[in-house]
Each structure stands twice: as C-alpha cells, then as structure tokens.
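In: Turn this into a model:
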Amino acid sequence: MSEIIASPGLTQTVTIETVTTTQGVEALRSSYEQLQRACHNILPFAMYDWHVAWCHSVLNSNSRILDQPNFYVVRNAAGECVSILPFIVSRRRVGSIKIAAVNLLGADPNITEIRAPMMVSGYEHLIAHAVQSHLAKIDDWDWVHWTGISEAFGEALSAYCTLVWQPVQPDFVLDLAPTWEQFRSGLKRNIRESLRHCYNSLKRDNHTFEFRVIETGPEVAAGVERFFELHTMRANIPTGVQHPDRFTSPIFRNFLHEVCQRFADQGGLRLFQLKIGSQVIAAWVGFVSGDSIYFYNSGFDPAWARYSVMTTALAEAIKYAIGQGFKTINLSANKEVSKTRWGPRQVDYRSAYQQGSRMRSRIALQTYVKARSSDGLLAWVLQRVVQARRNWR
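Out: Prediction:
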C-alpha cells in the first residue's frame with residue numbers, strides 16, 4: 001500500500017510503498033531496473049538479482065534472529081521510482097529483553113561487501129522525510145544502521161534525526177583508458193615491472209596460459225564450484241596476506257550459485273579463469289553494473305604462487321574490460337596493496353547509527369556496538385550475552 005508524503009518547505013511530493021515479503025520484492029524488477037538507469041549504480045549489491053537471491057538463501061537462515069523484509073519503494077509524482085531502501089528488520093531476544101534493529105539488506109560476514117541504497121540525486125530530503133515518517137510506525141526498533149549513504153543524503157537525514165557517525169568504508173575504483181597500452185603506460189614503475197615478471201616467468205618455464213571468460217550457459221555452475229575450490233586454497237596458505245574463506249557455509253555457497261546464475265541470465269556475470277593445460281589455476285568472480293565490472297572474490301592454486309598468477313589474471317581481465325568498452329573496474333572495498341598498487345581512486349561510503357527514542361534503545365545500541373568489536377574482555381563477554389555475531393550454518 002502506498003502513501004503520499006509531503007515534506008515541509010518542499011513543493012514536491014513522493015509516494016512510499018512498504019514491501020514486507022520476498023514475493024513482494026520479487027515483483028519489483030521493473031522498479032529496480034528503472035532506478036538502476038537513473039542512478040548509474042555500479043554496485044551489484046544494490047541490484048534486484050542480488051536482493052532476491054539474498055532473500056531466498058540468507059533471510060532467516062540464522063536461528064538466533066528473526067528477519068523480515070521492510071523495503072521502502074519511493075516514487076515521485078510522475079510515478080517514477082526514485083529510491084529503494086532495502087531494509088531488513090531483525091529481532092532477537094537477550095534474556096527477557098527483545099531487541100529490534102533496522103539494517104540495510106546484507107547483514108552477513110562480508111558476503112554483501114557494500115550495503116547501500118539506490119536513490120536519484122535531488123530527492124534526498126523528500127526521501128529522508130518519507131522514510132522517517134514510516135520508521136516512526138515501527139514502534140519497537142532500537143536502532144537503524146544507515147550504510148553506504150551519500151553526503152547529501154546524510155545531511156538530509158540529519159535534519160530529521162540524530163546520527164552517530166561511524167568510520168567510512170573505502171572502496172577502490174580503477175578508471176580505464178581506451179587501450180591497454182595507454183592504461184599500462186600510466187601505471188607506476190613497480191607494477192609495470194611486476195607485470196613483466198609475471199608473463200616472462202611463465203614463458204621462461206614453458207607454460208602457456210589461456211584466459212577464459214564465462215558469461216552464461218552450463219559452464220556457470222562448474223565455474224562457481226572451481227572458484228570455491230581455489231578460494232579455499234588461497235585461504236589456507238599459511239604465509240603472506242591472510243584471506244578468509246568466505247564460503248565455508250552451504251548457505252553462502254547456495255547464495256553465490258543463485259546470484260551468479262541470476263546475473264548470467266541478465267548478461268551481468270563474468271567468471272574470469274586462468275588456465276594452464278587443462279587446469280583452472282586462478283579465478284575471479286565479476287559482476288557487471290552499467291559500464292563497470294565489480295571484481296568480487298577470487299582464488300588461486302598456491303602451487304602456482306611463484307608465478308604471481310593472480311596478477312596475470314587481473315591484468316588479462318583489465319585487458320578484457322578495456323576491449324569490451326567498460327569505463328571502470330571496482331576492485332572492491334578491502335584495502336590491500338594488491339589493489340592500491342594499480343592506482344585506483346578511493347570512494348568512501350558513509351555509515352551511521354540512528355538510535356531509538358527510549359533509554360533502553362540507547363543502552364542496547366551502545367552494548368551492541370561494543371559487542372561487535374573484538375577488543376578486550378568486555379567485548380568478549382558482551383558477544384556471548386548479546387550474540388551480536390550471527391551463527392551461520
């Protein structure tokens with residue numbers, strides 16, 4: 001059901017619709033696609049197929065917490081979708097106390113790397129007012145966790161509520177040149193030398209590689225399974241930079257299978273593979289959003305580590321992206337030398353907590369934030385009392 005919202009001091013109006021079921025979310029494809037074009041969104045985590053797959057595979061998969069969709073769909077007077085805020089209301093019990101939190105979809109262990117709403121520029125104040133009016137109708141929430149919001153929307157929200165700002169989340173975007181040679185000439189000397197070493201070391205030992213890109217068809221499922229194997233191999237390397245194995249849970253394996261197939265059906269999947277002989281030795285999962293490719297997660301066979309095969313795989317993927325006319329590559333949100341040495345620009349995503357009006361809500365939020373930190377004895381005790389970290393099975 002939609003409701004017309006008029007904001008004091010603004011001549012425009014918007015309507016806001018609340019969607020509270022997975023079936024309701026599934027019915028929003030056309031709204032997402034319209035908004036995707038209007039916002040020029042480059043994040044796969046804000047897209048329709050990511051949200052639907054998440055609701056299918058992850059929603060309510062944790063026995064400790066009850067999650068319910070509470071998506072807000074905002075439209076202007078012409079009926080055009082100007083924002084989708086994919087909220088999930090999560091309720092848990094701590095002893096005799098019930099705690100309710102409102103989060104943007106993606107409260108998972110870094111499977112959804114950046115949680116951000118889509119909205120059309122210029123509507124920030126109308127959207128902020130409309131959402132605050134609707135949040136007031138959920139009378140039991142203790143806090144709202146706003147993530148991935150723009151500076152303009154943060155200012156608009158601050159006019160209606162008090163926000164407790166958190167450290168920004170950096171993202172790293174690589175702008176591409178029209179040709180590989182132009183791009184390569186703009187790199188720092190150390191990465192150019194590293195590229196020469198990668199290619200020459202394989203050639204010197206008589207190894208010929210093949211670079212493959214899987215976009216659709218029956219190879220998608222097998223490609224995802226090989227990615228899981230290589231991702232686990234990389235996580236189990238005892239030395240060097242440590243990378244967690246993010247897909248040990250069947251929940252997240254099933255999710256990635258579904259989301260990859262969904263993106264493939266829409267032309268938005270790129271499974272990058274580096275092969276030597278008959279064996280895939282390195283893989284990267286990429287998602288297309290507009291004129292950008294998001295490089296999501298990767299893996300490789302440590303037996304080939306001395307050849308720096310991940311650098312070769314990324315270089316070949318960049319060549320592919322340039323050849324296909326993409327404008328940017330998103331190297332994802334984790335700051336690592338393997339990304340920053342390519343010279344990407346940093347894009348910061350802001351986040352903040354909005355606490356409920358009750359004293360209990362203030363205490364609950366402070367306790368939860370402390371429990372989520374991994375520092376000290378108090379945090380260790382609170383994690384066991386509040387169960388801040390979800391138990392994914």
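In: which ones are touching Gln266?
Out: Asp49 (CB atoms under 8 Å, 6 or more residues apart in numbering). Heads up, the C-betas are built off the backbone N, CA and C, glycines and all.
In: And it, its phi and psi?
Out: With angles defined as degrees, to the nearest 10, Gln266 sits at phi -100, psi 10.
In: Pull up the gap between it and Trp141, please.
Out: Remark: distance between Gln266 and Trp141 (CB to CB, to the nearest Å) = 34 Å.
In: Helices of the protein, start to end?
Out: According to DSSP state H, the chain carries its helices in the segments 22-26, 29-39, 48-57, 124-135, 151-158, 180-185, 189-204, 219-235, 250-265, 309-323, 337-340, 359-372, 376-386.
In: JSON lines for those helices, including mean pLDDT and distance to Pro109?
Out: Formatted as JSON lines, these follow (pLDDT from 0 to 100; distance: least, CB to CB, whole Å):
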{"stretch": "helix 22-26", "mean pLDDT": "97", "distance to Pro109": "21"}
{"stretch": "helix 29-39", "mean pLDDT": "96", "distance to Pro109": "25"}
{"stretch": "helix 48-57", "mean pLDDT": "97", "distance to Pro109": "13"}
{"stretch": "helix 124-135", "mean pLDDT": "94", "distance to Pro109": "26"}
{"stretch": "helix 151-158", "mean pLDDT": "96", "distance to Pro109": "26"}
{"stretch": "helix 180-185", "mean pLDDT": "97", "distance to Pro109": "34"}
{"stretch": "helix 189-204", "mean pLDDT": "96", "distance to Pro109": "31"}
{"stretch": "helix 219-235", "mean pLDDT": "97", "distance to Pro109": "13"}
{"stretch": "helix 250-265", "mean pLDDT": "97", "distance to Pro109": "8"}
{"stretch": "helix 309-323", "mean pLDDT": "97", "distance to Pro109": "22"}
{"stretch": "helix 337-340", "mean pLDDT": "88", "distance to Pro109": "20"}
{"stretch": "helix 359-372", "mean pLDDT": "71", "distance to Pro109": "12"}
{"stretch": "helix 376-386", "mean pLDDT": "51", "distance to Pro109": "14"}
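In: do you know which of those lies nearest Ala303?
Out: Closest approach to Ala303 among the helices of the chain is made by helix 219-235 (8.7 Å; CB to CB).
In: starting at the chain centroid, how far to that closest one?
Out: Computed by CA atoms, centre = their mean, to the nearest Å, the chain-centroid distance of helix 219-235 equals 19 Å.
In: and Ala221, what does it touch?
Out: 257, 261 are the contacts of Ala221 under CB under 8 Å, 6+ apart.
In: So it versus Leu271, what's the distance?
Out: Taking CB to CB, one finds Ala221 at 10 Å from Leu271.
In: tell me the average confidence for the longest strand anywhere in the chain?
Out: Using DSSP state E, we find that the single longest strand of the chain is strand 81-94. The pLDDT scores in strand 81-94 average 92.
In: If anything else comes up later, I'll come back, but that's it for now.
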